[in-house]
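> Just to be clear, the model below is a prediction. Sequence and coordinates:
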Amino acid sequence: MHVRKPVSRRSLLAQTGAAWVGLTFTWLLEGCTQPEGKRLNFYNWDTYIGDTTLADFKKATGVDVHMSLFANNDELFAKLRGGNQGFDVIVPSNDFVERMAQVGMLLPLDHSKIPNFANIEPDFRDVPFDRGRRYSMPYTWLVLGIGFRKSVFPGFVPDSWKYVFDSDKYKGRIGLFSESADTFRLVYKYLGFPMNSTDPRYLRAATDLLIRQKPNILLFHDDDGQSLLEAGDIDIVVEYNGDVAQVMMEDPDLNFVVPREGSELTSDCLCIPTGAPNPDLAHEFINFLLDAHVGAGITNTIRYPTPNMAAARLMDDAYRNNPVIFPPKAILARCEYAHYLGDAFAHATEDAMTEVRAA
């Protein structure tokens, strides 16, 4: 779904690094097992962990964590589809949690081994893609919206999908997502269609709209819209709030808005794949990541919205009160998670996007 790009930490470390470098976790040592010689294999997005998180887990448990990286959910799914190659904990997004659970690729979680689940915000404890959190624990969440350069929109906020999907006002300065399913779901939101629909009439209407808009679009980006915006290559772009929040720390002329029509929520989750070599240790690692102090260390590094309310309380006001990282609840009420709608829908949206880009 979305490729994690390296996080620019120049201003982040200048603002907060010194306060966190010295964090120690000796308070975690009591009650932790010390499985000598064991290693936990963690399959994660790039730059999606705290600077010292893995070292702190080894300090607390004696267990080395080997972290491998994947670029997108399709790569994660393909890697595990033929059988688990030794991974203990993985980080799929919400629709892939649903997809993998349906075909038996995830182990049910034992909540008694994850007491730090109590740190999670109530809104994230029971979600439509995994009722009762049977297979997943929330790691981060994001919402798609519009990143823009304020100087191009003086005294005005482009708070509608119209400005990227249905307007020539910013011709040649617009960036859209290359990921087909996400893009079509957002067009559905703009057109007033159900976001999680497989109705071919909706797909046709959305395709026709994007074909009409194509002459005004500069590019379809691979989830690096925030970098293109920061570089000045584009003025308005579809991107995740957490990504734009990162570059806003370095360029005060940038901003972000969730359009009034609503948008798509994403949650990256911690799961144990079927066939995990060390399921008990995997539970212990997930519980560690959900600890308040550990979660704050992760959040302090990646600066994405956290569902861990105990971790959020340890963050500074600049993070907790940032309306880009945490959009108003009235806006989020018009947003929803994407569901896995089957391979046929995925292929249909890919074909439709090919038609748009070839137009």
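On my side now, so go ahead.
> Please make it C-alpha for all contacts and neighbour counts, starting now.
Will do.
> Regarding the residue nearest to residue 84 when sequence neighbours are not counted, what is its secondary structure?
Nearest non-adjacent residue to residue 84, counting by C-alpha to C-alpha, 6 or more residues apart in numbering: residue 275, 5.7 Å away. Secondary structure assignment for residue 275 (DSSP: H, G, I helix; E, B strand; the rest coil): coil.
> And residue 275, how close does it get to residue 38?
16 Å (C-alpha to C-alpha, to the nearest Å).
> more crowded one of these two?
residue 275 (17 against 14; other C-alpha atoms under 10 Å).
> need the contact list for the more buried one.
By C-alpha atoms under 8 Å, 6 or more residues apart in numbering, the contact list for residue 275 reads 83-84, 86.
> Which of the residues you listed sits closest to residue 61?
Taking C-alpha to C-alpha as the measure, residue 61 lies nearest residue 86 of those, at 19.8 Å.
> Residue 256: which element?
strand 254-257 (DSSP states H and E).
> Quick one: distance of that strand to the chain centre.
Offset of strand 254-257 from its chain centre (C-alpha atoms, centre = their mean, to the nearest Å): 17 Å.
> Alpha carbons of it, in PDB - could you do that?
Taking Å, rounded to 0.1, in the frame of the first residue of the first chain, the C-alpha atoms of strand 254-257 are listed here in PDB:
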ATOM      1  CA  LEU A 254       3.800  23.300   4.000                       C
ATOM      2  CA  ASN A 255       0.500  22.200   5.400                       C
ATOM      3  CA  PHE A 256      -2.000  19.300   5.300                       C
ATOM      4  CA  VAL A 257      -5.800  18.900   5.300                       C
END
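> tell me what the longest strand along the chain is packed against?
Assignment by DSSP state E gives strand 137-149 as the longest strand of the chain. Using 3 or more C-alpha pairs under 8 Å, 6 or more residues apart in numbering; DSSP states H and E, the elements in contact with strand 137-149 are helix 225-231, strand 236-240, helix 241-248, strand 254-257, strand 264-270.
> Identify the residues contacting the nearest residue to residue 170 once chain neighbours are set aside.
Nearest residue to residue 170, sequence neighbours excluded (C-alpha to C-alpha, 6+ apart): residue 216, at 7.2 Å. For residue 216, the contacting residues are 167-168, 170-174, by C-alpha under 8 Å, 6+ apart.
> Turn the residues you listed into CSV, columns for neighbour count, distance to residue 264 and secondary structure.
Converted to CSV, the contacts of residue 216 look like this (neighbours: other C-alpha atoms under 10 Å; distance: C-alpha to C-alpha, whole Å; DSSP: H, G, I helix; E, B strand; the rest coil):
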residue, neighbour count, distance to residue 264, secondary structure
167, 14, 21, coil
168, 18, 24, coil
170, 16, 23, coil
171, 16, 25, coil
172, 16, 25, coil
173, 19, 23, coil
174, 26, 19, strand
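> So which of those residues is the closest to residue 343?
For the contacts of residue 216, the nearest to residue 343 is residue 174 (29.6 Å; C-alpha to C-alpha).
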